[in-house]
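In: below are the sequence and a predicted model; questions follow.
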Amino acid sequence: MQAGKPPRAKFLNYPLGFGTGKPFDTENQLAVLTAAVAGFDSMLKPGVESLDFSWDSGWEMIAERDKNKDGADQRSPRDTTPRYQTERDKELAEGN
């Protein structure tokens, strides 16, 4: 998220695909969404703030799934390098 330089964002450190909370856990989902929406009022300056939630078993679930797929996950590792769809996108983003 930092590389994308959003005006204001809340970061949830859950595995990719679980950005609104734990599956089938409506209490957690409501808490995550409530905390994220509260950022509209509480974030007074640009930046990325982490939400105070942890789900270690979610990361373990993903690691176990990937281990059983024999390397099927071909996504690039996460890093802070900005990526753009076109050269024009890069010019516009880096010019501001």
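Out: Thanks, I have it.
In: now for the lowest-mean-pLDDT helix or strand in the chain, which elements pack on it?
Out: Lowest on mean pLDDT, DSSP states H and E among the helices and strands of the chain sits helix 56-68, with a mean of 80. If you count contacts as 3 or more C-beta pairs under 8 Å, 6 or more residues apart in numbering; DSSP states H and E, helix 56-68 packs onto no helix or strand. Placement of C-beta: from N, CA and C, glycine included.
In: got the contact list for Tyr84?
Out: Lys90, Ala93 (C-beta atoms under 8 Å, 6 or more residues apart in numbering).
In: part of a strand, is it?
Out: No. Tyr84 is assigned coil when assessed by DSSP: H, G, I helix; E, B strand; the rest coil, not a strand.
In: could you check the pLDDT of it?
Out: On the pLDDT scale, Tyr84 is placed at 89.
In: equivalent analysis for Lys45, please.
Out: So Lys45 comes in at 89 (pLDDT).
In: please tell me how far it sits from Ile62.
Out: 33 Å (C-beta to C-beta, to the nearest Å).
In: next one: Leu51
Out: Taken as C-beta to C-beta, the span from Leu51 to Ile62 is 18 Å.
In: also Thr80?
Out: In terms of C-beta to C-beta, Thr80 sits 21 Å off from Ile62.
In: higher neighbour count, those two?
Out: Ile62 (16 against 8; other C-beta atoms under 10 Å).
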